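> Make a model of this:
(chains A and B)
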Amino acid sequence: MGDSAERFGHITDAVSDETQLLERIRNGATDEFAEIVRRHQTRVFAVLARYERDAQRLEDLAQETFVKAWRALEQFDGRAPFEHWISRIAVRTAIDHLRKRQRVRNEIGFDEVGEDALDWLQTDGDEGELDARAARELLDLAMRELAPADQLVITLQEIEGRSVKEIAGLMGISGVAVRVRALRARAKLKSALENIKNAKHEQQ
Amino acid sequence: MNNNKLEKLFAAARKDNPPLPAEGFDFVVMQAIKSESPPRAVTVFDQLNAFFPCLAWAAVTTIALCIAGDWISTGVQTSLTDGATQLSQQWLLTGNGF
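Numbering: from 1, shown residues only, chains lettered A, B, ... in the order given. Below is the predicted model of the structure:
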């Protein structure tokens, strides 16, 4: 009980401290925005890394997210924690990026995926272990066959483990629409993975 | 691709650690923010521009009302003049006339 009260007290202090910091920034202390960047950069990178694996492009997206947050700072009303607000901006930046990327790449790039991932895909059944990096590479390749909104719903639900309500809020659609889209996206992802498997098989 | 295999793929992907921001990332962001043009002070013209659609509609409505008022009053005046002329002529023709 005492621990919980102490922890809650720390959280309240942190929120109040951040509220004061944001107020100072709004009143013209531009340089103090650097503190906001330092506090939330890890979270923003974690969100964006789900959608972009290239380190340089990831940094560009993170920078774009913070610049957008800076421009929209007046609109932050403090009803939700700042971390949630900036995460939403990061997700929107990611979906814009996915849309642009969709127009550029459409072919299957086997060279971007390690042999381990492709070998795992070729095996029948679900035996064998796959390391995290190989899994990300394979998933990234398969996701390219999906529409940006489908990629987003798969990433938010299956990788980030967000609830339907949260996804609905982030995507601006109803909970029912999220469930329907998630089901369809999952089916499309399976089909995309089958395509990769078949294409690799034909290549051998 | 069965569901178990897909779940295994998701589970492995979840373990992938996101890269950490490079040292001095906050400085890069601050440079980008400072390179943006500072917000300009709002002038009277900006405010007029912001209200432009409302002002334009108000002006059009006022002009339309003036035209309608003029047309109505012109019409009424004509009939009044006609009426007055007719009355005065009738008055002069009768024995009561001056």
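
> Helices along the chain, start to end?
All of this is about chain A. Assigned by DSSP state H, the helices in chain A fall at A:2-26, A:33-48, A:55-71, A:82-104, A:115-122, A:132-143, A:148-154, A:164-171, A:175-203.

> other chain: chain B
Counting by DSSP H, the helices of chain B are B:3-14, B:25-35, B:44-50, B:52-93.

> picking that back up, any chance of CSV for the helices of chain A, columns mean pLDDT, distance to residue B:50 and mean neighbour count?
Yep, even glycine has a C-beta here, placed from its N, CA and C like the rest. Shown next, in CSV, are these (pLDDT from 0 to 100; distance: least, C-beta to C-beta, whole Å; neighbours: other C-beta atoms under 10 Å in any protein chain shown):
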stretch, mean pLDDT, distance to residue B:50, mean neighbour count
helix A:2-26, 69, 21, 11
helix A:33-48, 93, 27, 19
helix A:55-71, 94, 19, 19
helix A:82-104, 85, 26, 17
helix A:115-122, 81, 55, 18
helix A:132-143, 88, 43, 22
helix A:148-154, 91, 34, 22
helix A:164-171, 88, 31, 17
helix A:175-203, 88, 36, 15
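
> Residue B:83 is nearest to which of those?
helix A:55-71 (69.3 Å; C-beta to C-beta).

> looking at the helices of chain B, which is closest to residue A:28?
That would be helix B:25-35 among those, by C-beta to C-beta, at 13.3 Å.

> related to what we said a few turns ago, could the helices of chain A be laid out in TSV, adding distance to chain B?
As requested, the helices of chain A are exported to TSV (distance: least, C-beta to the nearest C-beta, whole Å):
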stretch	distance to chain B
helix A:2-26	11
helix A:33-48	4
helix A:55-71	5
helix A:82-104	12
helix A:115-122	8
helix A:132-143	3
helix A:148-154	9
helix A:164-171	15
helix A:175-203	5
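
> closest one to residue B:85 among those helices?
Closest to residue B:85 of those is helix A:55-71 (C-beta to C-beta; 72.7 Å).

> Pull the distance from stretch A:17-36 to the chain's centre.
26 Å (C-alpha atoms, centre = their mean, to the nearest Å).

> do the same with stretch B:3-18
52 Å.

> what is the mean pLDDT for it?
With pLDDT averaged residue by residue, stretch B:3-18 scores 88.

> Check which residues of it are buried.
For stretch B:3-18, a neighbour-count test (16 or more other C-beta atoms under 10 Å in any protein chain shown) marks B:5, B:6, B:8, B:9, B:10, B:12, B:13, B:16, B:18 as buried.

> Out of these, which are close to chain A?
Filtering the buried residues of stretch B:3-18 for neighbours of chain A using C-beta under 8 Å from any C-beta of the partner chain leaves B:5, B:6, B:8, B:9, B:10, B:12, B:13, B:16, B:18.

> I'd guessed the third one sits against residue A:134; true?
No. Using C-beta atoms under 8 Å, residue B:8 and residue A:134 do not qualify as a contacting pair, with a distance of 11.7 Å.

> tell me the domain ranges of chain A?
Chain A breaks down into these domains under automatic domain parsing: A:1-104, A:108-204.

> among these, which is nearest residue B:43?
Using C-beta to C-beta, these put domain A:1-104 closest to residue B:43, at 19.1 Å.

> For residue B:49, find the nearest of the domains of chain A.
Once the domains of chain A are compared by C-beta to C-beta, domain A:1-104 is nearest, at 19.6 Å.

> Now do that closest one: distance to the chain's middle.
Centroid separation between domain A:1-104 and its chain, computed with C-alpha atoms, centre = their mean, is 13 Å.

> If anything else comes up later, I'll come back, but that's it for now.
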